[in-house]
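J.: sequence unknown, structure follows:
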């Protein structure tokens, strides 16, 4: 049985995080790590009550939270074989983790991206700027790196050893694109599977603000051009 750990960065998600943890398939995932990323609400308490391991990262940023989760995993005696990254806002469908990890377990892929572009995306679940940003980023990656991605989706699975080989460093908005670019550069065996996507609970911390949208766009583009 493959040991699977889920890392969930969470900032002010008290209304959603319990649902996310509840819907993670029992018996498939061995550890659920919620990284409380400087929340001002009861995110940590709700996550702990739902059965997750709760870590605290005061430095604001998606990448900071993911790196905190990885740091915890590195300190464990027994390491997982697969790491799954999942958002805390209940826009992803946690039960689809089974489909996302399947290519790794059955076909020895190194990384699997859950693609919202290939799956069922509820109307209004992504803002126009998110849709355009994904289109632009994936097309630039295809042109410059010769790798066909359709999405920079947050729901993704990767072999733990492959994740370590990427030497992830982005602290904020560029985490997903950094991972996909480095996987392309290292010629990891990567595929996408269709995943569903719904409107998140609460307001988006990134795409819901002009500042967040601009900063995310800048960070994504800077990663794409960094390796050229």
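T.: Received, thanks. What you see is a predicted model; the values in this text were computed from it and never measured. Numbers count the residues shown, from 1 in each chain.
J.: from now on I want contacts and neighbour counts done on CA atoms only, so please keep to that.
T.: Noted.
J.: contact partners for the residue nearest the centre of the chain?
T.: The geometric centre of the chain, computed from its C-alpha atoms, lies nearest to residue 154 (CA atoms, centre = their mean), at 3.3 Å. Residue 154 makes contact with 85, 86, 87, 113, 114, 176, according to CA atoms under 8 Å, 6 or more residues apart in numbering.
J.: spatially, which two of the residues you listed are the most separated?
T.: Using CA to CA, the contacts of residue 154 reach their maximum pairwise distance at 87 and 113, which is 13.3 Å.
J.: more neighbours, those two?
T.: Ranked by neighbour count (other CA atoms under 10 Å), residue 87 and residue 113 place residue 113 first, with 27 against 24.
J.: tell me the secondary structure at that one.
T.: Three-state call for residue 113 (DSSP: H, G, I helix; E, B strand; the rest coil): strand.
J.: surely it and residue 191 touch.
T.: Yes. Counting by CA atoms under 8 Å, residue 113 touches residue 191, with 6.5 Å between them.
J.: where do the helices sit along this structure?
T.: For the chain, the helices defined by DSSP state H occupy 17-23, 43-49, 62-74, 97-107, 128-145, 160-166, 175-185, 210-226.
J.: packing partners of the longest one?
T.: Think helix 128-145. helix 175-185, helix 210-226 (3 or more CA pairs under 8 Å, 6 or more residues apart in numbering; DSSP states H and E).
J.: give me whichever of these is most buried.
T.: Greatest average neighbour count among the helices and strands packed on helix 128-145 goes to helix 175-185 (a mean of 20), per mean count of other CA atoms under 10 Å.
J.: list the contacts of that helix.
T.: Outside helix 175-185, the residues that touch it by CA under 8 Å, 6+ apart are 62-63, 141, 145, 147, 152-154, 166, 168-170, 190, 220, 223-224.
J.: show the pLDDT at residue 123.
T.: pLDDT for residue 123: 88.
J.: whoops, residue 208 was the one
T.: pLDDT at residue 208 comes out at 48.
J.: numbering from 7 from now on, please.
T.: Yes, from this point I'll number from 7; that puts the last item at residue 214.
J.: so the lowest-mean-pLDDT helix or strand in the chain versus helix 181-191, what angle?
T.: In the chain, no helix or strand scores lower on mean pLDDT, DSSP states H and E than helix 216-232, which sits at a mean of 72. Angle, helix 216-232 to helix 181-191, by axes from the mean of the first three to the mean of the last three CA atoms, to 10 degrees: 10 degrees.
J.: so which elements touch helix 216-232?
T.: helix 134-151, helix 181-191.
J.: re the thing from before, which one in the contacts of helix 181-191 is the model shakiest on?
T.: residue 226 (75).
J.: contacting residues for the closest residue to that residue other than its chain neighbours?
T.: Nearest non-adjacent residue to residue 226, counting by CA to CA, 6 or more residues apart in numbering: residue 180, 5.2 Å away. Counting by CA under 8 Å, 6+ apart, residue 180 makes contact with 69, 222, 225, 226, 229.
J.: now residue 75: how far from residue 37?
T.: As for residue 75, its distance to residue 37 is 11 Å (criterion: CA to CA, to the nearest Å).
J.: and these two? Which one has more around it.
T.: Counting neighbours by other CA under 10 Å for residue 75 and for residue 37 shows that residue 75 has the greater number, 25 against 17.
J.: circling back to that earlier point, tell me the one among the contacts of residue 180 nearest to residue 28.
T.: Nearest member of those to residue 28, counting by CA to CA, is residue 69, at 24.1 Å.
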